[in-house]
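Engineer: quick one: sequence plus predicted model below, questions after.
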Amino acid sequence: MSKSKGINRVLTLELARVTERAAVAAAGLIGRGDEKAADQAAVDAMRRELNSLEIDGEVVIGEGERDEAPMLYIGEKVGKGKGPKVDIALDPLEGTTLTAKGMPNALAVVAMAEAGSLLNAPDAYMDKIALGGNYPDDIVDLDATPEENVKAVATAKGVGVELINVCILDRPRHADMIAQVRECGARVTLITDGDIAGVIHTTDPSTGIDLYMGTGGAPEGVLAAAALRCTGGQMQGRLVLNGDDQKERARKMGITDFDRKYKVDEMAKGDVVLSATGVTSGSMLSGISHQNGVIWTETLLMRSSTGTIRWIKACHANRDKFHLND
């Protein structure tokens, strides 16, 4: 990063504004039962704010392929077209169902890195396993059994298996995995949606989550890797490509080894900045609230090159800047 313009401090802080605006826009649809409307509100706000930045950006992890516009699609150019060339990975509303149902842990998330630094993953599934920092390298592995991985973490942590808590998406495809974790004596925390938050939870001891495992979206996997790149956590991810169509799309993105296990620094390398703003309150961030005519937001802002993690609690007095009446 030092030999190029890179991502300067001002731009890092401006990324928080991008997720703040997206989160506030989505929050207007909390509990209203309309997932598409909530997602679209977040997309529109995020696109508007990204296009105000002094960057020459390209979305490498987005809301789908180009023919799915007006979502923020893979390959879309964002920013003013001047400034550093950057990769953008985003999920304008991670937890559309959570928002529509008024449930916890919905987020607006964006990661930024120098061009060519983020894995350009197709809109497919990814097998994932992740844990926080301060562990020996490679103590868990996608090809190990759930019991082997749980015992490895327990040994490294110096505790009994019964004190290990594993976060898993509550899906029928994970039934055997959930059963195996419980059979070995560990605890399971099930989440209905939002596996970016699930992975990030492994880095925060206050959440009580030690390990994340299961199959979720590949785009979310790259965003989670960006977060772990900033916090020092570990992760392995392997694409799950079903059918020739997905494999062909992966090839067009430069992926030829479909069985490759990607580590954190293979999915997100160099100087990475990630911003996540709470839409609905959860175990990591407070959601959007309206008090006495002002808007309150809480944002987690991380940067890998400095190892800085900021929690930004912000009061926004000028509601008009959020385009709430558009």
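Structural biologist: Received, thanks. Numbering: from 1, shown residues only.

Engineer: now the strands: where do they sit in the chain?
Structural biologist: 56-61, 77-78, 85-94, 107-114, 125-131, 165-169, 187-191, 211-217, 234-240, 262-263, 272-278, 289-291, 294-303, 308-316 (DSSP state E).

Engineer: make CSV out of these and add mean pLDDT, mean neighbour count and distance to residue 179.
Structural biologist: Glycine gets a C-beta too; all of them are placed from N, C-alpha and C. Formatted as CSV, these follow (pLDDT from 0 to 100; neighbours: other C-beta atoms under 10 Å; distance: least, C-beta to C-beta, whole Å):
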stretch, mean pLDDT, mean neighbour count, distance to residue 179
strand 56-61, 95, 23, 32
strand 77-78, 96, 18, 43
strand 85-94, 95, 27, 27
strand 107-114, 96, 28, 29
strand 125-131, 96, 24, 17
strand 165-169, 97, 23, 11
strand 187-191, 96, 18, 9
strand 211-217, 96, 23, 13
strand 234-240, 96, 22, 20
strand 262-263, 97, 20, 27
strand 272-278, 96, 28, 31
strand 289-291, 93, 11, 39
strand 294-303, 96, 21, 33
strand 308-316, 93, 13, 35
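
Engineer: Serialize the ones you listed to TSV and add fields for distance to residue 14.
Structural biologist: Output for those, formatted as TSV (distance: least, C-beta to C-beta, whole Å):
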stretch	distance to residue 14
strand 56-61	12
strand 77-78	13
strand 85-94	12
strand 107-114	10
strand 125-131	28
strand 165-169	31
strand 187-191	30
strand 211-217	26
strand 234-240	27
strand 262-263	29
strand 272-278	9
strand 289-291	23
strand 294-303	10
strand 308-316	12
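
Engineer: okay, now the unreliable bits of the stretch 1-150 of the chain?
Structural biologist: Within the stretch 1-150 of the chain, the segments meeting pLDDT under 70 span 1-6, 64-70.

Engineer: now the helices for it?
Structural biologist: Using DSSP state H, counting those that start in this stretch, the helices found in the stretch 1-150 of the chain span residues 9-27, 35-50, 96-100, 146-157.

Engineer: show residues contacting the shortest one.
Structural biologist: Contacts to helix 96-100, defined as C-beta atoms under 8 Å, 6 or more residues apart in numbering, come from residues 26-27, 29-36, 38-39, 93, 103-106, 192-194, 279-280.

Engineer: just the C-alphas of that helix, formatted as CSV.
Structural biologist: What follows is helix 96-100, C-alpha atoms only, in CSV (Å, rounded to 0.1, in the frame of the first residue of the first chain):
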residue,chain,number,x,y,z
THR,A,96,-33.3,-9.0,4.4
THR,A,97,-35.6,-11.6,6.2
LEU,A,98,-34.3,-10.3,9.6
THR,A,99,-35.3,-6.8,8.6
ALA,A,100,-38.7,-7.7,7.2
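
Engineer: look up how far residue 218 lies from the residue lying closest to residue 219 once chain neighbours are set aside.
Structural biologist: Spatial nearest neighbour of residue 219, chain neighbours left out: residue 61 (4.5 Å); criterion: C-beta to C-beta, 6 or more residues apart in numbering. Separation of residue 61 from residue 218 (C-beta to C-beta, to the nearest Å) stands at 8 Å.
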